[in-house]
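> Prediction below, plus the sequence it came from.
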Amino acid sequence: MWKDTLGDWITGILGLFPMKQLLALILLMGAGSIGAFFEPFWGVMLYYTLAVLRPHYLWEWALPFEVRWSMIAALVALFSVVLHSSRVFRFSRINLIAILIGVYVVLLTLSTITAHDTATAQRWGIEYGKVLLMALVTSLVVTRMWHVRTIAAMVLVTLGYISWEFNYLYLFDGRLTIFHKGYNGLDNNGAGLVLSMGLPFAFVFGITAKHKWQRVMSWLFGLFILHAVLMSYSRGAMISASVGVFWLLLHYRPRLRAVTIAVALCIAVSVLAGQEIRDRFMSTAEFNTDGSAQSRLDSWAAAWQVTWDKPFTGQGIRNSNQYLHNYGADRQGRTIHSQYLQVAADSGILTAGVYITMLILALNYLGHTRRRCLYQLNSATDPRVIEDASDIERLALGFQASLITFAFGGVFLSLEVVELPWLLLVVAGVFPGIARDHFTKHAPHLAAQTVDDTPTPTFTIPRRSGRGPVTTV
């Protein structure tokens, strides 16, 4: 069959490069470490590239010895920040999300101290600490627009590559690895949700990349991610991805192109999704008779009762799972399967309130950035400024849609210590200031004017040379 022939051909080509995964990892570590010596941002990029890619899981069979790559990358990033501390603190921005992360850390510490099972709370607290420490460091070193673009590109490439691996195993080996094993300790639902967060970035780079090959690669990565999400058989991930894509298309201009992309996506999904996947997705409407959905509803009800037993400090990080069975959950140790209820039951209502506030603020900051860009589009006369503002608006829209995908999926899943959502949160916190400085540099006569009192105007989206006439919306 053609699949066997193509698979043998690809395997043969890759076989010409033995130990390629280890070599690629060493080169990545070397390049990131050298870059971090000159610019602390590259240390942060190295850490999050490994945190998303998880090479020790993805290439476990190819790595000959056990090395904690992410820890090494974190140490490189921290050393770089210390080395360049004067520059970092001179250009860094204090924002409300970073302050709330600090408050969140204090509340989590209090929850750990008062936990019934301190060993479990401390183990999870250490994981939390590593994630939140790097999030705070990131909020200090991400200060320029190219930093934001590079982070978005990294998310797309890493999630696209992971999705390619899952697609390769399915197409040429017939294995549904993402469904049966999930990814890096996450089950199929968690893996599907994390991958779905890459779809908005595929969309953004598919329409804004400067070179044709970049646009083609972005759409290919988007196709890989879409099929991997479908292969996860996770209804939560599918619905969350649909919500994020709907948000993108709702706010994308021109509308005719948005409709065209929506039709193309519907066709792609109908081709990629087999009958079993379609049945799985449609079964969402039958939650009243679905055993999995009912067990989740029972765990939510139990989590709500557990929360009010200790509403201020919670039961302790990941301690609440031990009590759910006593309150009606279907089995002992049941995970709550809701980010918000998990945080509330583990660490108290105030902690959950802080977490939800950070999400809302992040979405609001990104919306403010988009409004500033729309104002620039209406007020500027320089085509380069107009095109730049258009690309930044779409980049902010991509971050917003990715966070919405996660926030909606968080209703069904508990992913407190996954790094990617925290990265998007801190980028959202610094995005408005970065955009303001960017426009001050490129269009100072416009950046000084306010956007808050200006209604969102009609605006002009330029088309690059050879891509059609200018369109006014």
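Sure, I can see it.

> which residue ranges form the strands in the chain?
Using DSSP state E, the strands of the chain run over 460-461, 471-472.

> For the last one, give the mean pLDDT please.
It stands for strand 471-472. Here strand 471-472 scores 38 as its mean pLDDT.

> Over to stretch 218-237?
Stretch 218-237 comes out at a mean pLDDT of 92.

> Buried residues of it, list them for me.
218-219, 221-237 (16 or more other C-beta atoms under 10 Å). Using the backbone N, CA and C atoms, a C-beta is placed for each residue, glycine as well.

> likewise stretch 294-313?
296, 298-300, 302-303, 306-307, 310, 313.

> now do stretch 363-379
363, 365-379.

> quick one: least confident of these?
Pick the lowest pLDDT in those and you get residue 379, at 77.

> and for stretch 426-437, what are the contacting residues?
Applying C-beta atoms under 8 Å, 6 or more residues apart in numbering, the set of residues contacting stretch 426-437 from outside is 93, 95-98, 101, 135-136, 138-139, 142-145, 147-148, 151, 361-363, 365-366, 368-369, 372-373, 392, 396, 399-400, 403, 447.

> ok now it, how far from the chain's centre?
17 Å (C-alpha atoms, centre = their mean, to the nearest Å).

> May I have it as PDB, with CA atoms only?
C-alpha atoms of stretch 426-437 as PDB (Å, rounded to 0.1, in the frame of the first residue of the first chain):
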ATOM      1  CA  VAL A 426       2.200  36.400  31.400                       C
ATOM      2  CA  VAL A 427       2.600  37.400  27.800                       C
ATOM      3  CA  ALA A 428      -1.000  38.800  27.900                       C
ATOM      4  CA  GLY A 429       0.100  40.800  30.900                       C
ATOM      5  CA  VAL A 430       3.000  42.600  29.200                       C
ATOM      6  CA  PHE A 431       1.400  42.800  25.700                       C
ATOM      7  CA  PRO A 432      -0.400  46.200  26.100                       C
ATOM      8  CA  GLY A 433       2.800  47.900  27.300                       C
ATOM      9  CA  ILE A 434       4.900  46.300  24.500                       C
ATOM     10  CA  ALA A 435       2.300  47.400  21.900                       C
ATOM     11  CA  ARG A 436       2.200  50.900  23.300                       C
ATOM     12  CA  ASP A 437       6.000  51.200  23.100                       C
END
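
> returning to what we had before: in helices only, show me the contacts of stretch 426-437.
Counting by DSSP state H, the part of those found in helices is 96-98, 101, 135-136, 138-139, 145, 147-148, 151, 361-363, 365-366, 368-369, 372-373, 392, 396, 399-400, 403, 447.

> For the residue nearest to residue 389 when sequence neighbours are not counted, give its distance to residue 387.
In space, residue 389 comes closest to residue 376 once its chain neighbours are excluded; the distance is 3.8 Å by C-beta to C-beta, 6 or more residues apart in numbering. According to C-beta to C-beta, to the nearest Å, residue 376 stands 11 Å off from residue 387.

> what do you get for residue 231?
From residue 231 to residue 387 the distance is 37 Å (C-beta to C-beta).

> Among the buried residues of stretch 294-313, which one lies nearest to residue 325?
Nearest to residue 325 among these is residue 302, at 7.8 Å by C-beta to C-beta.

> Next one: the closest one relative to residue 315, how far apart?
12 Å.

> Pull up the overlap in contacts between these two.
With C-beta under 8 Å, 6+ apart as the test, residue 302 and residue 315 both reach residue 323.

> Counting neighbours, what do you get for residue 174?
Number of residues near residue 174 (other C-beta atoms under 10 Å) recorded here: 8.
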